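Trainee: predicted model and sequence follow; I will ask about them next.
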Amino acid sequence: MNKICVIGAGTMGAGIAQVLIQKGYRVILRDLSQEFIDKGIKGITKNFDKSIQKGKMTEAEKEISLGLLKGSTALEDVADCDLVIEAATENMEIKKKIFAEIDSICKPEAILATNTSSLSITEVAAATNRPHKVIGMHFFNPVPVMKLVEVIKGVATDEGTRTAIIDLTKAVDKTPVEVEEAPGFVVNRILIPMINEAVGILADGVATAEDIDEAMKLGANHPIGPLALADLIGNDVCLAIMEVLYTEFGDSKYRPHPLLRKMVRGKLLGRKTGKGFFNYNV
Ligand SMILES: CC(=O)CC(=O)SCCNC(=O)CCNC(=O)[C@H](O)C(C)(C)COP(=O)(O)OP(=O)(O)OC[C@H]1O[C@@H](n2cnc3c(N)ncnc32)[C@H](O)[C@@H]1OP(=O)(O)O
Ligand SMILES: NC(=O)C1=CN([C@@H]2O[C@H](COP(=O)(O)OP(=O)(O)OC[C@H]3O[C@@H](n4cnc5c(N)ncnc54)[C@H](O)[C@@H]3O)[C@@H](O)[C@H]2O)C=CC1
């Protein structure tokens, strides 16, 4: 795997690009506008600067890594990549459009992976003429810190694609866990309903946002509380995942809480907009 394209320079795409360039892969970071790409690259640079301050990276290593990264809005730049990792908005129609587009331009042997949190790999793959080369490669947030990658095969994913993604996961010091295709896979089927429940507890006035999080940190040993985690993930992403669970299973236990919807409608998305259940400096 020599050249990798990451589509979407948001929370996840920037993190994925960062870990790849740190391991020596050449990366094209693609988004819809230069502004989004610049924001992603700024975040990566900030993380490298923090690592330098902590003595975990040298200035020379930073320059080498950043030299491997190219931002681009042009589709042509994707053509000669060996692998595309799509980390765009969690929406099936958007993903299908992207996959149809990259399928038409990428070389036939290129693998097309999606970082989707919950959607069907098989359905995304059906938008291409190479469903055997399409796979789920689900990183966790923040990507530079979290060790897990869920690897999800679609109905047609072939063995070569599976092993290539497992090998890449290990090469970037992450641990792959293979998961059968199912809404929300493993982690999000557990984690996001828990967050949705915390939103319900807040809406019911059972406890303040601070106390809900304090309770889960001290009482369940979670590193951060569920509402701070929702803000880290993005409330829009949490809602999109709940919608997929609700629609796919048709089970009322996955109903997104109205307060979560209200927060998303009000652009209270969490860290990325500076305000969610808590306030942040952006
Ligand atoms: C929605 C999905 O599809 C799937 C998902 O991703 S679900 C979300 C999964 N993620 C989680 O559950 C995260 C839970 N939270 C945590 O583990 C921790 O709060 C955390 C790792 C995010 C931060 O840890 P912390 O101890 O509270 O803060 P802090 O001391 O600042 O950070 C610890 C380390 O992580 C690094 N870090 C924190 N945030 C980071 C970021 N956004 N990017 C890069 N590095 C980051 C820090 O630099 C620090 O590194 P060092 O050990 O080298 O000093
Ligand atoms: N936020 C999280 O904690 C996690 C999210 N994910 C998944 O990763 C994907 C991305 O999520 P985030 O990074 O949180 O979203 P985000 O909203 O931070 O970033 C998405 C980016 O994709 C871009 N984009 C949208 N359509 C595009 C297109 N056609 N071409 C190129 N770029 C396009 C947007 O402009 C935006 O910059 C989603 O599928 C999400 O479910 C997976 C793991 C964790």
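Mentor: Noted; the coordinates are in hand. Ligands and ions are numbered 1, 2, ... in the order given.

Trainee: element containing residue 6?
Mentor: Assigned by DSSP states H and E, residue 6 belongs to strand 3-7.

Trainee: just how off-centre is the helix or strand following that strand within its chain?
Mentor: Counting by DSSP H and E, the next helix or strand C-terminal to strand 3-7 is helix 11-22. Centre-to-centre, helix 11-22 and its host chain are 10 Å apart (C-alpha atoms, centre = their mean, to the nearest Å).

Trainee: return helix 11-22 as PDB; C-alpha atoms alone will do.
Mentor: Coordinates of each C-alpha in helix 11-22 appear next as PDB, following Å, rounded to 0.1, in the frame of the first residue of the first chain:
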ATOM      1  CA  THR A  11     -12.900  14.800  12.900                       C
ATOM      2  CA  MET A  12     -12.200  11.300  11.600                       C
ATOM      3  CA  GLY A  13     -10.600  12.000   8.200                       C
ATOM      4  CA  ALA A  14      -7.900  14.300   9.600                       C
ATOM      5  CA  GLY A  15      -7.200  11.700  12.400                       C
ATOM      6  CA  ILE A  16      -6.900   8.900   9.900                       C
ATOM      7  CA  ALA A  17      -4.600  10.900   7.700                       C
ATOM      8  CA  GLN A  18      -2.400  11.800  10.700                       C
ATOM      9  CA  VAL A  19      -1.800   8.200  11.700                       C
ATOM     10  CA  LEU A  20      -1.100   7.200   8.100                       C
ATOM     11  CA  ILE A  21       1.500   9.900   7.400                       C
ATOM     12  CA  GLN A  22       3.100   9.200  10.800                       C
END
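
Trainee: residue 130 and residue 114: what is the separation?
Mentor: The gap separating residue 130 from residue 114 is 13 Å, by C-beta to C-beta, to the nearest Å. Where C-beta positions appear, they are placed from N, C-alpha and C, glycine not excepted.
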